[in-house]
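Enquirer: no letters, just coordinates:
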């Protein structure tokens with residue numbers, strides 16, 4: 001679920017960013033949508049992607065994107081700058097995206113795992 005008292009646009013959210021950041025976001029968005037149907041919701045400081053629940057958030061900055069993925073278990077990777085456990089099957093992983101080469105197969109695998117969290121699928125036994 002999500003709640004916002006106002007409506008926001010991508011144009012407003014990316015207004016202070018370099019144009020390359022919006023291009024990175026659009027490529028990232030395609031990767032998220034490749035996982036299955038999602039709802040994209042621009043908010044005041046971020047864009048969230050939801051299936052049943054929010055599973056990906058993107059925070060635009062002037063020269064980069066900060067992306068938060070909900071994963072079912074803690075991942076060990078130097079790509080994650082912060083990891084927060086919200087529930088036993090919803091663990092937030094934060095990664096900074098500075099360039100297109102970071103939009104790779106490993107990130108796509110994590111996005112597929114995050115999509116399953118968003119659908120609230122049961123983890124494989």
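Expert: Received, thanks. Just so we're clear, the structure is a prediction, and the values are computed from it rather than from any experiment.
Enquirer: quick check: chain neighbours aside, which residue is closest to the residue positioned nearest the centre of the chain?
Expert: Residue closest to the average C-alpha location in the chain (Cα atoms, centre = their mean): residue 56, at 3.0 Å. Distances taken as Cβ to Cβ, 6 or more residues apart in numbering place residue 49 nearest to residue 56, at 4.2 Å, with adjacent residues excluded. Bear in mind the C-beta positions are built from the backbone N, C-alpha and C, glycine included.
Enquirer: just list whatever residues bridge to that neighbour.
Expert: Counting by DSSP bridges, residue 49 is bridged to residue 40, residue 56.
Enquirer: from residue 102, how far off is the residue nearest to the centre of the chain?
Expert: 15 Å (Cβ to Cβ, to the nearest Å).
Enquirer: and residue 73, by the same measure?
Expert: Counting by Cβ to Cβ - residue 73 and residue 102 are separated by 22 Å.
Enquirer: in terms of neighbours, single out the busier of the two.
Expert: residue 102 (18 against 10; other Cβ atoms under 10 Å).
Enquirer: which residues touch the more buried one?
Expert: 79, 95 (Cβ atoms under 8 Å, 6 or more residues apart in numbering).
Enquirer: helices of the chain, start to end?
Expert: Secondary structure of the chain (DSSP state H): helices at 10-13, 19-33, 105-119.
Enquirer: which of those sits most buried?
Expert: Most buried of the helices of the chain, by mean neighbour count (mean count of other Cβ atoms under 10 Å): helix 105-119, with a mean of 18.
Enquirer: just checking, what packs against that helix?
Expert: Helices and strands touching helix 105-119, by 3 or more Cβ pairs under 8 Å, 6 or more residues apart in numbering; DSSP states H and E, are helix 19-33, strand 54-60, strand 65-71, strand 90-97.
Enquirer: and those: which comes nearest residue 39?
Expert: strand 54-60 (9.3 Å; Cβ to Cβ).
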